[in-house]
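quick check, what structure comes out for this input:
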Amino acid sequence: MSSVDPVSGARLVGGEMLQWADLERTALGGAPSVLVRDVLGGAGAAGRRVLLLGPRASRLVQELPGDVDVDVLVRGLPDARAISSLAQLRSGVTVLCGSLDRFEPTASYDVVVVLDAPALLLSPDSDGLTGGEVLRRAAGWLTADGSLVAVVENDLGLDRLLRLEVRDLYDDDDAWWRGSPGFDDRPSYHRELTASLEAAGLVADATYGAFPSSTLLSLLVSSEATSSPELATTAAAMVSRAEGAHFADHPALADPYALTLRVFDSGLALQLASAWVVVARRTGSAAAAPSLPAVISSEESGRRDWRAVTTVHRGPDGWLTGLRPLQAGSERRERRVARDWSALDTQVAAGPTLEAELRRASVSGDVPAVRQLVKVLWAWLQDGWRLTATEAEGRFFCTPANLVLSGGDLRPLDASWRLSQPLEDDVLLVRSLRAFAGRLLASGSEHPWAPDISPDSLTQTLCSMVGVPVTSGVTDVVARLESELQVVVQGGDAGAEALAYARNLERGRSQFVSLGGPSRGYREALSASTRLAQSLHEREGQVEWLEASLRSRDVQVAELTRTVGSLRSSASFKIGRFFTWPLRSLVGGVRRLSLSAIPHGYLAKAQRLLAKVAQDR
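Here you go, the predicted structure:
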């Protein structure tokens, strides 16, 4: 019989860790919560029972509908007490503390959620369990028509292939399970996933690739999305942006943006996903499969009242995208920044993003292709008069990363953002190309321009392709608007906005200052270092040649000085100077008298007239 924790009221099932907390060292991401809610909503949520296993799944307590009975199992007693404090705000939540192998439920569940590896579900005094055994146990706790939402880790995920730092796998406190009997020697491969589910008596309704890492499930892409020609490019753009943001603060082996695009082009997106999220039912279940989105993307940064979850689902006429705000309301507005949640179920534009095309042209050194893409952007911005007032206000957010090149035209990927200030077309162009230039140079990607070019200089080069000058005043306007946007979305006061403005200008002056972290891959950093070294070597050669030329001229000048000195000291020169002195004095006096007789200002005009006559002749 299980005991009860007197502090929190949590039930202790055995194997609990009294001083260990997992919640403070784990992150989840908002995508799984949407998936679990859709699984519940598809079959009717009222009166159903849900089991959340592990610290990551326990974070979904506040996200589930209020009429659902929820059981939560975590191994750490501090985590159980924290969850109990949150669970007091709603009814129907039972918190359990202990190891998974000691847990024996008395009733079945309609939905079981497992988002952690076996090592986070067991305590050090437990017998090891493989990933397949965890799936089998979870499947045994399902009702006949129940659903399982489980995460299966991938040892060949993009985050593991890209990460550069090497952790000590054996000295960490949470690495107790390594070398212990019963655990998997390695996670499953993608080709083994179906067999693992079948061995557990499960059949998959949907399989998602999780990005950007196995510890942050912010973006879920289904197998249907990767196999759809209309949606694969959009999914690739979303994943590449998520991977780039994740590795902005972590050292990477290669540029995650470019490598992610190549992974999607090769058709290996699911095989190289950071993890897989599986929605499965028991074999032989007669229940209909739930209707689930093909893509779920959650925003993890910024204030909660500005964030939303983007979903892509199939409609009668193709793929549709929708926004689900984290806070209730149809619109959010602060200062000049606004976001409209009402534009739901809009058609997904099929095609690559403008940034992806610009990067491809830059890597190949195809400057004419870059010029053509910039012309397309400039023409689209100049057609702003054809847009509605709401669409025109959203052009400030139409950077190349947020524009899809579809059928020769541009369409925004996320059209919910607006800036309620009229801006000139050249300001919008500078804002868009400056954002691209900063991202391109920060990643260390190949490009045909000087290795040490600054984002502002590259912006000026790109704008000159369409004859738009970039002045300090335009750059200042863009920096002030971007700093205001950062403070509004991320939070801060006037001091934070002034600091953001100063850093914005500084980042534009050089690609090597004010970077937020190791934002370029190790390979790209080596490549950039090699290009800089080659450029420096060429400059050093030019300096050495100029120094040698200068030394040669110095020698010639010294020889001429000695020659002139010897001539001036000769007797013939002194005799000639003595006899010509009266004539020289007379000529000098006449010259001074003539110049004094000419009115002020006429001498310069006469000199210009003589120069012009000489030039005409």
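
ok now stretch 209-226, how far from the chain's centre?
15 Å (CA atoms, centre = their mean, to the nearest Å).

contact partners of stretch 460-480?
Residues outside stretch 460-480 that contact it (CB atoms under 8 Å, 6 or more residues apart in numbering): 370-371, 374-375, 378, 423, 426-427, 429-431, 433-434, 436-437, 449, 453, 456, 459, 501, 504-505, 508. C-betas here are computed from N, CA, C, even on glycine.

again, 7 Å this time
371, 374-375, 378, 426-427, 429-431, 433-434, 437, 449, 456, 459, 501, 504-505, 508 (CB atoms under 7 Å, 6 or more residues apart in numbering).

what about the spatially closest residue to residue 370 that is not a sequence neighbour, how many neighbours?
Closest residue in space to residue 370, ignoring its immediate chain neighbours: residue 361 at 4.7 Å, by CB to CB, 6 or more residues apart in numbering. Residues near residue 361, counting by other CB atoms under 10 Å, number 20.

end-to-end on stretch 90-106?
In stretch 90-106, first residue to last residue: 22 Å (CA to CA, to the nearest Å).

mind listing what's buried along that stretch?
93-103 (16 or more other CB atoms under 10 Å).

same check on stretch 527-541?
Neighbour-count burial for stretch 527-541 flags 527-528, 531 (criterion: 16+ other CB under 10 Å).

closest to residue 131 among those?
Proximity of these to residue 131 (CB to CB) peaks at residue 527, which lies at 38.4 Å.

now the buried residues of stretch 90-106 as a markdown table including secondary structure?
What follows is the buried residues of stretch 90-106, written out as a markdown table (DSSP: H, G, I helix; E, B strand; the rest coil):
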| residue | secondary structure |
| --- | --- |
| 93 | strand |
| 94 | strand |
| 95 | strand |
| 96 | strand |
| 97 | strand |
| 98 | strand |
| 99 | coil |
| 100 | helix |
| 101 | helix |
| 102 | helix |
| 103 | coil |
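
so where's the stretch 451-600 of the chain uncertain?
513-520, 522-523, 595, 600 (pLDDT under 70).

buried subset of the contacts of stretch 460-480, written for ChimeraX?
In ChimeraX syntax, the buried subset of the contacts of stretch 460-480 is picked out as below (16+ other CB under 10 Å):
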select :374,378,426,427,429,430,431,433,434,437,449,456,459,501,504,505,508
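
which SS state does the residue positioned nearest the centre of the chain fall under?
The centre of the chain sits closest to residue 245, judged by CA atoms, centre = their mean, with a distance of 2.8 Å. Following three-state DSSP, we place residue 245 in the helix state.

now do it against residue 163, distance only.
According to CB to CB, to the nearest Å, residue 245 and residue 163 sit 15 Å apart.

where along the stretch 201-350 of the chain do the strands fall?
202-213, 216-222, 275-282, 295-298, 308-315, 318-325, 331-334, 337-340, 346-347 (DSSP state E, counting those that start in this stretch).

pull up the pairing partners for the shortest one, direction included.
Based on DSSP bridges, the pairing partners of strand 346-347 within the sheet are strand 318-325 (antiparallel).

quick one: the strand it pairs with to strand 308-315, angle?
160 degrees (axes from the mean of the first three to the mean of the last three CA atoms, to 10 degrees).

in strand 318-325, what counts as buried?
319-325.

redo these as TSV? Include pLDDT.
TSV is the format used below for these (pLDDT from 0 to 100):
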residue	pLDDT
319	86
320	87
321	86
322	85
323	85
324	86
325	86
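
how about a markdown table for the residues you listed, with distance to residue 136 added?
A markdown table is the format used below for the buried residues of strand 318-325 (distance: CB to CB, whole Å):
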| residue | distance to residue 136 |
| --- | --- |
| 319 | 36 |
| 320 | 37 |
| 321 | 37 |
| 322 | 36 |
| 323 | 38 |
| 324 | 33 |
| 325 | 38 |
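
mind picking the two most distant members of those?
It's 319 and 325 that sit farthest apart of the buried residues of strand 318-325, by CB to CB, at 20.9 Å.

the buried residues of stretch 527-541 in helices, which ones?
The helices, defined by DSSP state H, take in 527-528, 531 from the buried residues of stretch 527-541.

list just the nearest of these to residue 512.
residue 528 (9.4 Å).

contacting residues for the nearest residue to that closest one once chain neighbours are set aside?
With CB to CB, 6+ apart as the criterion, residue 528 has its nearest non-adjacent residue at 4.7 Å, and that residue is residue 444. Residue 444 is in contact with 255, 520-521, 524-525, 527-528, counting by CB under 7 Å, 6+ apart.

got it, and residue 241?
Residue 241 neighbours (CB under 7 Å, 6+ apart): residue 401.

can you redo the contacts of residue 444 as TSV with distance to residue 33?
TSV is the format used below for these (distance: CB to CB, whole Å):
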residue	distance to residue 33
255	31
520	33
521	31
524	35
525	36
527	40
528	40
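
of those, which belong to helices?
Reading helices off the contacts of residue 444 with DSSP H, I get 524-525, 527-528.

any stretches of the stretch 151-300 of the chain with poor pLDDT?
In the stretch 151-300 of the chain, residues with pLDDT under 70: 165-179, 182.

repeat that with 80
In the predicted model of the stretch 151-300 of the chain, residues 163-187, 248-252, 286-289 satisfy pLDDT under 80.

helices and strands around the host helix or strand of the residue nearest to residue 370, which ones?
Here residue 361 sits within helix 354-363, counting by DSSP states H and E. Under the contact definition 3 or more CB pairs under 7 Å, 6 or more residues apart in numbering; DSSP states H and E, helix 354-363 sits against helix 367-382, strand 403-406, helix 425-443.

list of residues touching the second one?
The one in question is strand 403-406. 234, 349-354, 357, 410-413.

could I get those as CSV with neighbour count and distance to residue 241?
Converted to CSV, these look like this (neighbours: other CB atoms under 10 Å; distance: CB to CB, whole Å):
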residue, neighbour count, distance to residue 241
234, 25, 11
349, 21, 16
350, 19, 17
351, 21, 15
352, 19, 13
353, 26, 8
354, 26, 13
357, 19, 15
410, 23, 17
411, 19, 16
412, 18, 14
413, 21, 9
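
where exactly do the helices run in the stretch 401-550 of the chain?
Using DSSP state H, counting those that start in this stretch, the helices assigned to the stretch 401-550 of the chain run over residues 425-443, 455-464, 472-490, 494-509, 522-568.

give the buried residues for stretch 106-113.
Buried residues in stretch 106-113 (16+ other CB under 10 Å): 109-113.

no, scratch that, I was asking about stretch 480-488
So stretch 480-488, judged by 16+ other CB under 10 Å, has buried residues 481-488.

do the same with stretch 323-335
323-326, 332.

show me the two of those that sit farthest apart.
Among these, 324 and 332 lie farthest apart (CB to CB), at 13.4 Å.
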